[in-house]
Structures are given as structure tokens and as C-alpha cells.
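J.: Fold the following, please.
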Amino acid sequence: MDDLRVLIADDDPGMRLVLRKILGKVEGFTLIGEAQDGKAALEMADTLRPDILFLDVEMPEMTGIECARVVQDMNPATIIIFATAHDTYMGDAFEVYAFDYMVKPFKVERVMQTLLRARDVLSRRMPPEESKKIPAASPVIKGRMMLHHRGGISFVDLNDILLVQREDRTTVIYTADGGRYVTSDSLSDMEQRLPQDAFFRCHKSYIINLNHIKDISPYGRWTYVVRLEGIKQDALITHEKYDELENMFR
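T.: Residues are numbered from 1 along each chain as shown. Reported below is the predicted structural model:
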């Protein structure tokens, strides 16, 4: 596995130095940039595409929470770790599904543990016993969907749709035959068009086909990762949505 790409955003140069030194102590991570305000962090995240983004909450130009919301719409798989002097924003961090929330001053070991957990998640080395198995879902879905996109119109069998997600601020559909369709429809539009007995909005950025869930493993403090059969892309599911999903299969 290649080194994970890390971006640090904090208006305190001393804290950026601390995080930079910690990264240098852990193998498997490469620092790709530093930003001193939220706007610069967002621009760098859009250009550099980090795997992990360290964010302070209170920064000039744009707060860390505001930045995280936009980053999620660009790439919801980005691991967001808040490192802040304020413990009052934890609820906001929950809403953007932060991987972790660390309150300054924190110990070096605390940061290293979070980095190692992130590496384990991204390298898919989660122990099998920690995975939550989901049984087979509903019968084969019948019908087709007409998709509007820049190239015209495509028709896709509903049963072939495995995943719908937000990506690069657009809605992208992945199918069983390796297809990838970018549509102008919003994720909420897609949620309304797809059969609710077979498709599930597991996260504000993802809709999954219940027939193709392989397993579910821990991701961050409030989130799990869903692996799907037939594609390499996966999805995130919140703790509340996991409980809802579990009740559906009882």
C-alpha cells in the first residue's frame, strides 16, 4: 500500500509543526501540504486529494466545520480528523462524520493511535471478527431507470445499480458491469426514484443496494464502512443508519 496522503490545516504554525513531527514518526504517511486558513485548506483538498485531513475548527476565512462539509461533497471517503482547542464543537463534528475529534493539548500517542486506526481502515486490515455481517436482502429488482447526463441519456437496469454516491460535487452511479454514470440528479432525487425496499440511504453522501452488501466494519467514532459485492468502491453508514438497517433484517 502506498503512503497515505495527509493535509494539515491550522492557523497556528506551532500546531502544524507538532503534527508534522508526529507524522514523521509514523511509517506509511506523507505530508502533502499545510494550510493556515479554511479557504486555503479547501482549495488544497480539491487539488491534492488527501486521504487524511487534519482540521482545526476555528480558522480564518472558513471554519473547519464549513470546510469539512464541502470536502465531503467532493470526496466523502476523506478521513477528517479535528484537532482543536475547543470541545464545544463535537456535535458539529458528529454531523460531518469526523473520524476523530482531539482536543488540544493532546498527547503524541493519541495522535499516533488515530493515524494507525486510519491506516488500518484504509488498508482494509480490519479483523474479520469485528465485521458486522448482513444477510441477503430482497429479491431481484425489476425495471429500468433513465439517466440524464452530459452525453445524453442512458438506460440502466435497477438490479445492476450497486452504489450511488456524491463525488466531485456530482452524483455518480456505479453498476455491476463496471459502469460509472455521472448524472445531474441530486442524491435526494435518486433516493426518490429508487425502490425503497431495495435501496437504502445509509449516509448523506451514499445510497446502497441492499442485495449487494458484503460486510460492515468500524470506520470512525460515529461511522462504519460498507463493502459491496461486485465493485471496489465502498460506502459509509452512520451509527443511527446502521441501527435502522439492522432492524430491517430482523
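
J.: which residues does the closest residue to residue 163 other than its chain neighbours form a beta bridge with?
T.: Spatial nearest neighbour of residue 163, chain neighbours left out: residue 174 (4.4 Å); criterion: C-beta to C-beta, 6 or more residues apart in numbering. C-betas here are computed from N, CA, C, even on glycine. Residue 174 has these beta-bridge partners by DSSP bridges: residue 163, residue 180.

J.: For residue 191, see how far away residue 174 is.
T.: Separation of residue 174 from residue 191 (C-beta to C-beta, to the nearest Å): 16 Å.

J.: cool, residue 39 as well?
T.: Counting by C-beta to C-beta, the gap from residue 39 to residue 191 is 31 Å.

J.: returning to that earlier point: for the residue nearest to residue 163, give its distance to residue 154.
T.: Relative to residue 154, and taking C-beta to C-beta, residue 174 is found at 13 Å.

J.: When these two are compared, which one has more neighbours?
T.: residue 174 (23 against 16; other C-beta atoms under 10 Å).

J.: What about residue 15, how many residues nearby?
T.: For residue 15, using other C-beta under 10 Å, the count is 18.

J.: isn't it right up against residue 83?
T.: Yes. Contact criterion C-beta atoms under 8 Å: residue 15 and residue 83 qualify, at 7.0 Å.

J.: okay, and the common contacts of those two?
T.: 56, 104 (C-beta atoms under 8 Å, 6 or more residues apart in numbering).

J.: what's the longest helix along the chain packed up against?
T.: Secondary structure of the chain per DSSP state H: the longest helix is helix 108-122. Helices and strands touching helix 108-122, by 3 or more C-beta pairs under 8 Å, 6 or more residues apart in numbering; DSSP states H and E, are strand 4-9, helix 13-25, strand 79-84, strand 100-103.

J.: wait, the residue nearest to residue 163 sits on residue 183?
T.: No. If you go by C-beta under 8 Å, residue 174 and residue 183 don't touch, sitting 11.8 Å apart.

J.: If we ignore the residues flanking it in sequence, what's nearest the residue nearest to the spatial centre of the chain?
T.: The chain has residue 77 as the residue nearest its centroid, 2.8 Å off, counting by C-alpha atoms, centre = their mean. Nearest non-adjacent residue to residue 77, counting by C-beta to C-beta, 6+ apart: residue 236, 7.4 Å away.

J.: Now do the SS call for residue 172.
T.: Secondary structure, DSSP: H, G, I helix; E, B strand; the rest coil: residue 172 is strand.

J.: lowest average confidence, helix or strand, in this structure?
T.: helix 90-95 (a mean of 79; mean pLDDT, DSSP states H and E).

J.: May I see the buried residues of that one?
T.: For helix 90-95, burial by neighbour count (16 or more other C-beta atoms under 10 Å) applies to 92, 93.

J.: Please save the CA atoms from that helix in CSV.
T.: Output of helix 90-95 as CSV, limited to C-alpha atoms (Å, rounded to 0.1, in the frame of the first residue of the first chain):
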residue,chain,number,x,y,z
MET,A,90,-18.0,17.9,18.9
GLY,A,91,-21.7,17.9,18.0
ASP,A,92,-20.9,19.7,14.7
ALA,A,93,-18.1,17.2,14.1
PHE,A,94,-20.6,14.4,14.5
GLU,A,95,-22.7,15.9,11.8
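
J.: That one packs against which elements?
T.: When contacts are defined as 3+ C-beta pairs under 8 Å, 6+ apart, helix 90-95 packs onto helix 64-74.

J.: cutoff 7 Å now
T.: Packed against helix 90-95, as judged by 3 or more C-beta pairs under 7 Å, 6 or more residues apart in numbering; DSSP states H and E, are no other helices or strands.
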